[in-house]
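>>> Please find the sequence and the predicted model below.
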Amino acid sequence: MVDSTTQIDVRTAPVEVLSDGCGRRRLFATGSIAAGEIILHLDGVLRATPSRHSIQVGEGEHLDEFGAAEATNHSCEPTAFVDLSDNPRVCLRAISDLNSGSEVTIDYCATEGELSVPFSCDCGSKRCYGLVRGYRFLEPSQPIRSAALEDASHLAELSELLGYPVPEDVVARRLERLIGRAEETVLVAESASGQVVGWVHGSEQELLEAGRRCEILGLVVHSEHRDVGLGRQLVEAVEEWATSRGLKQISVQSNVLRAEAHPFYERLGYARAKTQHAYRKQLSERGTV
């Protein structure tokens, strides 16, 4: 447990704190920051209860007093997120490419189960929460977030629904590698109770003959939570991620045996490009899973 406060020295980070006309402190990039890059490490004090700026890092554990990073304001369409995958080494990581002068913002609904100081938001975004209270209060239209290592068990359970049973420890190792790569995104959908009930994996790929594009490599929603729009929201979240990376095309392969999935993608504007056979060959193992 951290027992002392370490203030972040913004002079060594690619950000600066500025005050607007209302006296509100805001965090801005002072140089180029690539999507997926660490912006700041958040060091502070662990407390048993949340505060105005705290970040929940575990049950009854809230990281507080982390200095200049407290100037990171809320956005319903944030440019950064709090990465807990290397907890207790918490960091702020870019969601999209940032240029000098870009504001660094996070989604406060993803920082605490219940904010100590809820507030209203009228940003006008189509994703606007209206009332920002914490992730325990998210409605079905607001459940998408980046996957974290602690989600591995849920992702493994859902993968089995796709017909791909994978041990939890294997999923955890794969997930750790994927969330560390800027060209990959793994997103999860949560129910109103905070349970992970769906995931999607999107990947930026560059083909010699076709250039750069995004490929949806996996999508699953628990059967008890289908037909409420979670699948659509997961796909739209990957599309937004791909757009933020400058990709102009997105594709997905759907097994001919999954007839129920075909109209789903077509309703979302995906056109059938071709029907093909998929061939695989097992190679000798080299210790990687």
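Right, received. Where do you want to start? Numbers count the residues shown, from 1 in each chain.
>>> Now do Val90 against Glu168, distance only.
According to CB to CB, to the nearest Å, Val90 and Glu168 sit 23 Å apart. Every C-beta, even on glycine, is put in place using the N, C-alpha and C of the backbone.
>>> quick one: which of the two has more around it?
Val90 (21 against 14; other CB atoms under 10 Å).
>>> how many neighbours does the residue nearest to that one when sequence neighbours are not counted have?
Excluding its sequence neighbours, the residue lying closest to Val90 (CB to CB, 6 or more residues apart in numbering) is Leu42, at 4.5 Å. Residues lying near Leu42 (other CB under 10 Å) number 22.
>>> Who are the contact partners of Leu42?
Shown in contact with Leu42 (CB atoms under 8 Å, 6 or more residues apart in numbering): 8, 55, 63, 66, 69, 82, 90-92.
>>> Now, those residues that are in strands?
55, 63, 82, 90-92 (DSSP state E).
>>> Closest one to Leu268 out of those, please.
Closest to Leu268 out of the ones in strands among the contacts of Leu42 is Val82 (29.6 Å), distances taken as CB to CB.
>>> my guess is that closest one contacts Ile106, does it?
Yes: Val82 lies in contact with Ile106 (CB atoms under 8 Å); the separation is 6.2 Å.
>>> Now list whatever residues contact both of those two.
Leu92.
>>> per-residue confidence for the most centrally placed residue in the chain?
The chain has Ser146 as the residue nearest its centroid, 1.9 Å off, counting by CA atoms, centre = their mean. Predicted confidence (pLDDT) for Ser146: 92.
>>> same check, this time on Leu257
In this prediction, Leu257 carries a pLDDT score of 63.
>>> just Arg226 next, same as before
Taking Arg226 on its own, its pLDDT is 68.
>>> What of Met1?
27.
>>> same deal with Val196?
90.
>>> and it, what does it touch?
Shown in contact with Val196 (CB under 8 Å, 6+ apart): 151, 154-155, 158, 188-190.
>>> just checking, which of those belong to strands?
Short answer: the contacts of Val196 in strands (DSSP E) are 188-190.
>>> Show me what the one helix or strand in the chain whose mean pLDDT sits lowest is packed up against.
Least confident helix or strand of the chain, by mean pLDDT, DSSP states H and E, is helix 261-267 with a mean of 77. Using 3 or more CB pairs under 8 Å, 6 or more residues apart in numbering; DSSP states H and E, no helix or strand is in contact with helix 261-267.
>>> and if we set it to 10 Å?
strand 211-221, helix 230-244 (3 or more CB pairs under 10 Å, 6 or more residues apart in numbering; DSSP states H and E).
>>> Now tabulate those in CSV and tack on mean pLDDT.
Listed next are the helices and strands packed on helix 261-267 as CSV, based on pLDDT from 0 to 100:
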stretch, mean pLDDT
strand 211-221, 93
helix 230-244, 91
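>>> Of all these, which one is nearest Leu115?
So among the helices and strands packed on helix 261-267, helix 230-244 is nearest, using CB to CB, at 22.5 Å.
>>> Ends of stretch 131-145, what's the gap?
This stretch, stretch 131-145, spans 18 Å end to end (CA to CA, to the nearest Å).
>>> ditto for stretch 33-42
Note: stretch 33-42 ends 17 Å apart using CA to CA.
>>> Could you list the buried residues of that stretch?
For stretch 33-42, a neighbour-count test (16 or more other CB atoms under 10 Å) marks 33, 35-36, 39-42 as buried.
>>> does Cys91 really touch Ile38, like I thought?
Yes: Cys91 is within contact range of Ile38, at 4.8 Å (criterion: CB atoms under 10 Å).
>>> intersection of neighbour lists for those two?
Common neighbours of Cys91 and Ile38 (criterion: CB atoms under 10 Å, 6 or more residues apart in numbering): 80, 83.
>>> quick revisit: what comes into contact with the least confident helix or strand of the chain?
Residues contacting helix 261-267 (CB under 10 Å, 6+ apart): 216, 219, 226, 231-232, 235, 252, 254-256, 258, 270-272.
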